[in-house]
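Visitor: Quick one, fold the following:
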Amino acid sequence: MRDPELPASVPDFFIAAITFAGINLVWIFFVVWVMYGMVPVLVLAVLINHLITRLDIRLNARKA
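Guide: As a prediction, this is how the structure comes out:
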């Protein structure tokens, strides 16, 4: 049974979560750049891109 005190609709926090993740990535990349240089930042960016691509392929395969 539904709790009558809960709101009828729940807000969508997807855009906020993506924005928050992007802001965090910027400062993490900056700290890695200052500490180790540009090459580790590029390697980290390629690794994150690869993981996102694999996740996208897995989620699309599950839908099909």
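
Visitor: how about Leu6, phi and psi?
Guide: Leu6 adopts backbone torsions of phi -80, psi 150, taken as degrees, to the nearest 10.

Visitor: cool, and Leu25?
Guide: Backbone geometry at Leu25, expressed as degrees, to the nearest 10, gives phi -60, psi -40.

Visitor: Need the nearest residue in space to it, chain neighbours excluded.
Guide: In this structure, Leu25 finds its nearest non-sequential neighbour in Ile48, 7.7 Å apart by Cβ to Cβ, 6 or more residues apart in numbering. Glycine gets a C-beta too; all of them are placed from N, C-alpha and C.

Visitor: Tell me how many other residues crowd the one you found.
Guide: When neighbours are defined as other Cβ atoms under 10 Å, Ile48 has 12 of them.

Visitor: repeat for the one 10 residues further on
Guide: The local packing of Arg58 (other Cβ under 10 Å) involves 9 other residues.

Visitor: hmm, back to that, helix or strand for the residue nearest to Leu25, which one?
Guide: In this structure, Ile48 is located in helix 38-63 according to DSSP states H and E.

Visitor: Name the SS class of the residue nearest to the spatial centre of the chain, please.
Guide: Central residue of the chain (Cα atoms, centre = their mean): Ala21, 5.1 Å from the mean position. Following DSSP: H, G, I helix; E, B strand; the rest coil, we place Ala21 in the helix state.

Visitor: Relative to Pro40, how far out is it?
Guide: Distance, Ala21 to Pro40, by Cβ to Cβ, to the nearest Å: 20 Å.

Visitor: now swap in Val34 and tell me
Guide: Taking Cβ to Cβ, one finds Val34 at 11 Å from Pro40.

Visitor: More neighbours: the two, which one.
Guide: Neighbours per residue (other Cβ under 10 Å) separate Val34 from Pro40, with Pro40 holding more: 13 against 9.

Visitor: if I pick the more buried one, what's in contact with it?
Guide: Residues in contact with Pro40 (Cβ atoms under 8 Å, 6 or more residues apart in numbering) are Val32, Trp33.
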